[in-house]
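Undergrad: Kindly return the folded structure for what I paste below:
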Amino acid sequence: MVNAQPFSIVVAQTTSSEETKRCAAALARLLRGTEVIALDGDLGAGKTHFTQGLAQGLGIKRSVTSPTFNVLVVYDEGRIPLYHFDLYRLEKPEELDDIAFAEYVDSPGISCIEWASKFPEKLPDERLEVFLEVAAEDRRERVIKARAFGIAAHELLICWRRQLAEGFVAKADANAKAEVGVAGALEPDNAVGMDAEACVGSAETDEPIETNGATETNRSSDIAVDTEAVANTEVAIDAGVVVDAESGIDTGTGSFVLAFDTANEMISIGLGKLDRKNKRIVHIASQEVGAFRASNEKLVPEIAALFEKLNISREQIACVVCGRGPGSFTGVRICLATAKGLAIGLGVALFGVSTADSQAWQLWLDGVRGPVLVLGDAMRKEIYPVRFELTDEGVTRLNADMVIKAEAIGEWLGSAERDCLITGDALKKYEELCQEVGTLTNSSCWYPQGRGLLRAAQDAWKQGVFDPDNKTLGNPCTLLPVYTRLSDAEEHERIRFAKQSDADSQTKNILLEQKDLETGVQGEAPHSVIRYQPLENVWAESVAALEQQVMGSDAWSASQIIDELPRADRTWWAAYRVSNPQKRTVDPREDVLVGYAGGWIVDGQVQILKIASSPECRRMGIARELITRVALDARDLGAREMTLEVRVSNKGAHAFYEQLGLKNIGKRPRYYSDKEDAFIYTGPLPIAEHDVAGMDLRINAAATKIETTGTTPSELILAIESSCDETAVALIDGDGTILSDVVASQIDFHSRFGGVVPEIASRKHIEAIGGVVEECLAQTSAKVGQVLSWHNLSAVAVTYAPGLVGALVVGMAFAKGLAWAIDVPLIGVNHLEGHLYANKIAHADIKPPMVVSLVSGGHTMLVHVKDWGSYETMGTTLDDAVGEAFDKVAKAMGLGYPGGPIISKLAAKGNPKAVRFPRALMHSGDLQFSLSGLKTSVMTYLQKERAAGREPNQCDVAASFQAAVVDVQVAKARTALEQTGAKEFCLGGGVAANPALRKAYEEMCDELGVRLTMPPLSACTDNAAMIALVALDRFQEGKFFSLSCDVKAHVSLDEPY
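TA: You can find the predicted model right below:
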């Protein structure tokens, strides 16, 4: 029996990076697909080398570097996926939630976490900790130690050490004289007895198991695929379905309902016929297929195969129904994005049903009656519980969607309901726990099924919230997933804002003494602007003061405000007049609260509790913006309506709320403290002030200027870009004319977090993509003078890599749904290649060979473009990208996000020679870049200046930092041009908009006699026009993607695709 307590072993001593890699590769050969490697050690000890060895042992060919930009890099091309985390730059454990840390660690794959010791409370109970130490006697020597937590990790550690001891470490060089030294003994008091059988076999020898036609590796018992749950992959066609003209069942165009769900590891598809007369959906066929994190690859091909097998055409689809969750965030978004693409392409209505509701209806169809509990897996040791009562009349839901800790299910359910029937995919993890609180269904019932989806839609029809022929009711653009909470970043922000220590309290009192609490408003500073962000409790006194001014006897106290802020069913926003627009957050010492609003979300409504703005700031749109922010949060938490009370005498407020679309539905007598009556206003959430999903649109910034022709363009291709935080769509014709391009930027949603939050990016893409696509088609129709439809398209193109996976999948899933709906080819485009082609927007005649500098937040590289489609990366960054360095330096200086434009503006007023910052690799003799040393140097300088009591001159620091960046970029570019002999030099990426960099390149090219092409400023940042230009070439070459393709976080620009 292996001791379950953690123990340490000195595993090996190595004397080179290659030996460290070989030691890690030996460990990799033992991994089976669910292990967590927590990696720590001295600076420079070789943690990244160790991870490189793990990757090599897993069969990953791609170069492994430190994941500085997104904190996480996913390598999924090996035997087992590798999730490589580097937590060095993170400051707070809450930041891990921004990258879905717990979800990755809990997923099939290997999690290797550098600097894991920063947040030990976030690590799983079962893990292997590895320490790399620099030996004191010999700085070249590394001592590798390990400590195991959990029995499986103990076994893995002993087997790893045994492999090394028995000489299983392969040598990189047959002539190498140094062997990896294996420690001969365990550390004191940690001896462990184990025989040879305890050492698990190499995962390379595992026998594959067949599941639904797809081969999965049986890595370990806790992730074994439940064959019962996914056994039925054959189409089940109802026998005896009689088509009777008098019954009202349609048989022609628009007669079928297509329903599907991918909220968990199962793809569920249902096909039904409409009985419009009786508001009934007759089940025709259903199919359930195990997805195992492959929903984006399998969903559309499975739908296509079903239709082909049944000999049904797309034109016969009357409407689409999709599962809205709750469930896996990625799975739900794949489902909704695909459904939006399908419905928009087919021109039909789209409706959503609850995944939990569909499972309850499935049990009802199977004859179950009585109390039922559906438990969805919410990851992070949490579950989505929904209680139902099943009777002969139907299914009644007993609670709203929510999330709780799995261990709290008994307490939540209560003793009275412990005789219920329990189902849901959470039972896969918590079967033993749930046996104590009810009777479990067979595992084949744990996942949604097509019949249940159709029956849930039929029930919605009876309730009046489903109508297959009502495209307004079933608008594809407005359908959203079921969310039980805001994004993790927003949740933790609110928790942080609501917390207040004694020190915070003292600071708050000192700060507020400097404020005019009589009015809550100070004199307006020059160039001040209004900024909106969630309300912090440090401003509670300011809120109370403004309450007294505008609410009189109905004003709330500061303590009431503070009590409200931490509540999960509340959302509070505030407006601030800020004195320094370049700062990322508001500061009580300098800024002034000028408005606030709060809402209570309950039962699908948001009740506005408070809304006010300072009299000095009236007619500035503050109240409208505040109520919009509250409404957006409420919508994300499931609300669809807004309600509020307002004094009968307040005529101005009546007009304001009526402008928002709210209606006066009655009166509450003597509602206020002075006995005045209140009117009750209610209506849909007022969130349409911005163009799409709370985002302003940038329209036709990169479009070609042409005269209206009145003719339908040929070879029309729609291109979609969603790799990061812009939802962009463009249309191009066969002549290369960009007919329209539309961009919805999310920057306002990310700026207060100091960078892109992946979960927020994915959420906003699913909200925006339908509206942006339809706006793009409308713009094109107006430009050509013809009303175009989706059937005028010749192809659909989409960015498939590289980028944020959660963002990419939304664009890809939508594109696949649209391409299948209108029966046109799908074209995948490399995002980096798009930045190369962006130069064609400025000069359509540019031709290779040429050298291109790609500089952005995620990339810094010099590319030799030998021909379109033939690329050689000559040099790239070894650590930070240029854009990332700008953002980090801006953050260190206390400035806003994104940092590039702010640094550039400050630098224009500063002295670039004021501070001599290092120019890393300036004379290295190669074309590699390194920005981390420069970034650290700036941060160190700022710390020293402040420690000495001097406030650094921000303009001089910005100018000196920017000069160091530009000098290296230009020097490397000059070398690349000299090496290649190219006479054309181009730019690409967001940093290409930097004025100083553009000017320096102009001077360099003039000196070298090289033609310089720079994309217009509007095309430097992410856009779909550049994707469309690549897509046109690939279309004309017949290079199409299969509908089973998927996105990738990282790809090489040099490799053809």
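
Undergrad: Nearest spatial neighbour of Gly1009, chain-adjacent residues omitted?
TA: Leaving out its chain neighbours, the residue that sits closest to Gly1009 by Cβ to Cβ, 6 or more residues apart in numbering is Lys983, at 7.6 Å. Just so you know, the C-beta spots here come from the backbone N, C-alpha and C atoms, and that holds for glycine as well.

Undergrad: Can you tell me how far that neighbour is from Pro669?
TA: Distance of Lys983 to Pro669, given as Cβ to Cβ, to the nearest Å: 83 Å.

Undergrad: Give me the more crowded residue out of these two.
TA: Lys983 (14 against 9; other Cβ atoms under 10 Å).

Undergrad: wait, doesn't the more buried one sit right on Val1010?
TA: Yes. With contact defined as Cβ atoms under 8 Å, Lys983 reaches Val1010; the gap is 5.5 Å.

Undergrad: helices and strands of the chain: which one bottoms out on pLDDT?
TA: strand 208-211 (a mean of 29; mean pLDDT, DSSP states H and E).

Undergrad: Please give the element, helix or strand, for Ile80.
TA: In this assignment (DSSP states H and E), Ile80 forms part of neither any helix nor any strand.

Undergrad: Spell out the secondary structure type for the residue nearest to it when sequence neighbours are not counted.
TA: Counting by Cβ to Cβ, 6+ apart, Gly33 is the residue found nearest to Ile80 once chain neighbours are left out, at 4.7 Å. Following DSSP: H, G, I helix; E, B strand; the rest coil, the label given to Gly33 is coil.

Undergrad: from what I can see Gly33 touches Gly109, true?
TA: Yes. Using Cβ under 8 Å, Gly33 makes contact with Gly109 at a distance of 6.4 Å.

Undergrad: hey, what's in contact with both of the two?
TA: Ile80 (Cβ atoms under 8 Å, 6 or more residues apart in numbering).

Undergrad: These two: which is more packed in?
TA: It is Gly109, of Gly33 and Gly109, that has more neighbours when counted by other Cβ under 10 Å, with 25 against 20.

Undergrad: Now the more buried one: closest residue in space that isn't a chain neighbour?
TA: Counting by Cβ to Cβ, 6+ apart, the residue nearest Gly109 is Pro81, at 3.6 Å.

Undergrad: Please list all residues in contact with that neighbour.
TA: 74-75, 107-110.

Undergrad: if we go to 10 Å?
TA: The contact partners of Pro81, taken as Cβ atoms under 10 Å, 6 or more residues apart in numbering, are 33, 58, 60, 74-75, 104, 107-111, 293.

Undergrad: Restricted to strands, list those.
TA: The strands, defined by DSSP state E, take in 74-75, 110-111 from these.

Undergrad: so which of those residues comes closest to Cys335?
TA: Nearest to Cys335, judged by Cβ to Cβ, of the ones in strands among the contacts of Pro81 is Val74 at 21.2 Å.

Undergrad: in the sheet, who's paired with the closest one?
TA: Tyr83 (DSSP bridges).

Undergrad: from here on, count from 22
TA: Okay, using 22 as the starting number, the last item reads as Val95.

Undergrad: Could you check how many residues crowd around it?
TA: The burial count for Val95: 17, using other Cβ under 10 Å.

Undergrad: Surely it touches Ala121?
TA: No. Checked against Cβ atoms under 10 Å, the pair Val95 and Ala121 is beyond contact range at 11.1 Å.

Undergrad: can you list residues touching both of those two?
TA: Val826.

Undergrad: residue contacts, Val669?
TA: Contacts of Val669 by Cβ under 10 Å, 6+ apart are 675, 685, 688-690, 692-693, 697-700.

Undergrad: mind giving me TSV with those and columns for pLDDT, secondary structure and distance to Glu1076?
TA: What follows is these, written out as TSV (pLDDT from 0 to 100; DSSP: H, G, I helix; E, B strand; the rest coil; distance: Cβ to Cβ, whole Å):
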residue	pLDDT	secondary structure	distance to Glu1076
His675	92	helix	63
Asn685	92	strand	63
Lys688	88	strand	69
Arg689	88	strand	67
Pro690	90	coil	73
Tyr692	88	coil	68
Tyr693	89	coil	69
Glu697	91	coil	72
Asp698	91	coil	71
Ala699	91	strand	66
Phe700	93	strand	65
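
Undergrad: what's the span of stretch 1039-1052, first residue to last?
TA: Distance across stretch 1039-1052, first residue to last, is 20 Å (Cα to Cα, to the nearest Å).

Undergrad: Just checking the distance from it to the centre of its chain.
TA: Mean-position distance between stretch 1039-1052 and its chain equals 21 Å (Cα atoms, centre = their mean, to the nearest Å).

Undergrad: Check stretch 929-937 too.
TA: 38 Å.

Undergrad: Name the residues of it that come out as buried.
TA: Going by neighbour count (16 or more other Cβ atoms under 10 Å), the buried part of stretch 929-937 is 931, 933, 935-936.

Undergrad: for His812, phi and psi?
TA: Here is the backbone geometry of His812 (degrees, to the nearest 10): phi -80, psi 0.

Undergrad: Is Trp382 in contact with Thr417, as I believe?
TA: No. If you go by Cβ under 10 Å, Trp382 and Thr417 don't touch, sitting 11.4 Å apart.

Undergrad: Could you name every residue contacting both of these two?
TA: 409, 411.

Undergrad: higher neighbour count, those two?
TA: Trp382 (27 against 11).

Undergrad: Grab the nearest non-local neighbour of the more buried one.
TA: Trp382 sits nearest to Arg476 (Cβ to Cβ, 6+ apart), 4.1 Å away.

Undergrad: Do I have it right that that neighbour meets Pro469?
TA: No. Counting by Cβ under 10 Å, Arg476 stays clear of Pro469, with 11.2 Å between them.

Undergrad: So which of these two has more stuff around it?
TA: Using other Cβ under 10 Å as the criterion, Arg476 and Pro469 rank with Pro469 on top: 36 against 26.
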